[in-house]
Structures are given as C-alpha cells and as structure tokens.
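A.B. asks: I would like the atomic coordinates for the input below:
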Amino acid sequence: MSVLNIATPGTIAAAAPALRAQPGQQPSPVNGKNLWRLRSFITDFADLLSTAPVEETILYVGGDLLRQLVAHDDWLPDEFAQPDPQRYRQYLLHADSAQRFSIVSFVWGPGQRTPVHDHTVWGLIGMLRGAEHAQSYVLAGGALEQSGAPVLLKPGAVEAVSPNSAELHDVHQVSNAYDDRVSISIHVYGANIGAVRRSVYQPDGQRKLFISGYSNSTLPNIWDLSAEQQ
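C.D. replies: From the prediction side, this is the model:
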C-alpha cells in the first residue's frame, strides 16, 4: 500500500505491530519515564530499515511506529523537553550507528517557528505535546509559493516529508500553534540530520545553506536494563 494513498490526507495510517517491552521483561520507569517505549521504537525502526529499505514502506510502516510512540506522553526525559526563549531546540535522542536514521525531539517555545527549509532526506514528524502548524512550499518560476493549506498537527498525528515525492513535499515551515505554551514533536529522518547540508529559502527562492547540528551533547540512557532484570 502506498504511503501516498492513505485514509486521512497528510497523515500516516496504522500499519505496524504495537510497540512493546522485550519478552519476559517488566518495563520499569526510569526517573518516572517509560524509556522502554523509545528503546522499543529504535529497535523496531532499525529492524524495519534492515528488512524493508524501500522509502515508501519506511514511511508507511515507520510512520505507524512513530504514531504509537507519540500516542504516549510519558517517556521523553525532561532534559530533552526544555524550551529556549530565543529559538526552538533540536535534541538528538538517537542516531543509528550506520547513520541510516536519527530521532530528534523538537521543542517549540510559545510562538516559535522555523524558517522555510528543506531536508534532502525522508522524514517523519509525530506530534507529542501541544500542536504545530506545517506549511508546505514549492518553487514555481524561481519563486517560493505555498502549496495547499497549512496542516495542524495535534498529539498523536504523524506527517511525512520527502524530496522524492511531489505529494509529500520536502520544503516547509513549521511553527508552534500556541502563543502561550510549549509544543514538542518527535522527528525521524533518513540520515544523521544534524550533519546534513540543507537549505533555508527566501521568498524570492534564493537558498542559503546550513547544517543544523543539535542542541544537546549527551543522549538519553535508554539501555540501562538493570532495574528490569531484578
């Protein structure tokens, strides 16, 4: 089934088995957070890339895995959910050892937004907390034009981007839908996105290259299973 032919326009339909703890293990919260959800997501997503490396399948099945992850707002450690009053934050949660994919927590302060930008790789965006607006763009006659109406992402919703699909688009602008609260979305990209050379766009279509990097220097410790083995 094509990710472009889904039940709800702009969202990913159900396709993957439920995320769950490892057999025989009782999930234990770490500092009050159910980190096993993120651990299971990473394991399942890596398995997906190993068995079905076709982008269409990755977006469809991987999108449902992400939908299951963001359906629960009880796993993201607090240090990767902190806003900055000046600009949105991008916290790396995991990078695949072969750089096949990365997972990033985007934390939006009230009213914050990105510039219009591209990704150059496939991406999945799952809304965890709050809400955000996503506006797609296309280059027409050398100028930047909006493509369709903005999409409102609420908790549990998943969107996809891709440079290989005219329907999904790769150029967009994202903003916090709220002026009075923080919003958080979880992004999965088909590369180590913080090291990818990408572009921001001016209204006249001019590009400026950038490499985003990340807002953190340490990662969540999701692999300490000692409490679950006791």
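A.B. asks: for the rest of this, base every contact and every neighbour count on C-alpha atoms.
C.D. replies: Fine.
A.B. asks: what about stretch 54-69, average pLDDT?
C.D. replies: For stretch 54-69, the mean pLDDT works out to 97.
A.B. asks: flag every buried residue along that stretch.
C.D. replies: Going by neighbour count (16 or more other C-alpha atoms under 10 Å), the buried part of stretch 54-69 is 55-69.
A.B. asks: all helices of this structure, in order?
C.D. replies: Secondary structure of the chain (DSSP state H): helices at 36-51, 55-70, 226-229.
A.B. asks: which residues does residue 184 contact?
C.D. replies: 81, 105, 106, 107, 108, 127, 128, 129, 130, 131 (C-alpha atoms under 8 Å, 6 or more residues apart in numbering).
A.B. asks: assess the claim that the fourth one and residue 86 are in contact.
C.D. replies: Right, the one you point to is residue 107. No: counting by C-alpha atoms under 8 Å, residue 107 stays clear of residue 86, with 11.8 Å between them.
A.B. asks: please identify which of these two sits among more neighbours.
C.D. replies: Counted by other C-alpha atoms under 10 Å, residue 107 and residue 86 do not tie: residue 107 has more neighbours, with 24 against 8.
A.B. asks: what's the nearest residue to that one if we skip its chain neighbours?
C.D. replies: Closest residue to residue 107 apart from its sequence neighbours, by C-alpha to C-alpha, 6 or more residues apart in numbering: residue 184 at 4.6 Å.
A.B. asks: before we move on, what about residue 180?
C.D. replies: Leaving out its chain neighbours, residue 180 is closest to residue 110 (C-alpha to C-alpha, 6+ apart), at 5.2 Å.
A.B. asks: which ones are touching that neighbour?
C.D. replies: 176, 178, 179, 180, 181, 182, 183.
A.B. asks: ok, now residue 145?
C.D. replies: Counted by C-alpha under 8 Å, 6+ apart, residue 145 has contacts 137, 138, 139, 203.
A.B. asks: just the ones of these in strands?
C.D. replies: Among the contacts of residue 145, the members found in strands (DSSP state E) are 137, 138, 139.
A.B. asks: and the gap between the second one and residue 158?
C.D. replies: Taking C-alpha to C-alpha, to the nearest Å as the criterion, residue 138 is separated from residue 158 by 21 Å.
A.B. asks: how about the strands in the protein?
C.D. replies: All strands of the chain, identified by DSSP E, fall at 89-95, 102-108, 123-129, 132-140, 143-146, 151-153, 158-161, 171-176, 183-189, 198-201, 207-210.
A.B. asks: a markdown table for those strands, including distance to residue 50?
C.D. replies: Below are the strands of the chain laid out as a markdown table (distance: least, C-alpha to C-alpha, whole Å):
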| stretch | distance to residue 50 |
| --- | --- |
| strand 89-95 | 15 |
| strand 102-108 | 15 |
| strand 123-129 | 17 |
| strand 132-140 | 30 |
| strand 143-146 | 36 |
| strand 151-153 | 29 |
| strand 158-161 | 20 |
| strand 171-176 | 28 |
| strand 183-189 | 15 |
| strand 198-201 | 26 |
| strand 207-210 | 30 |
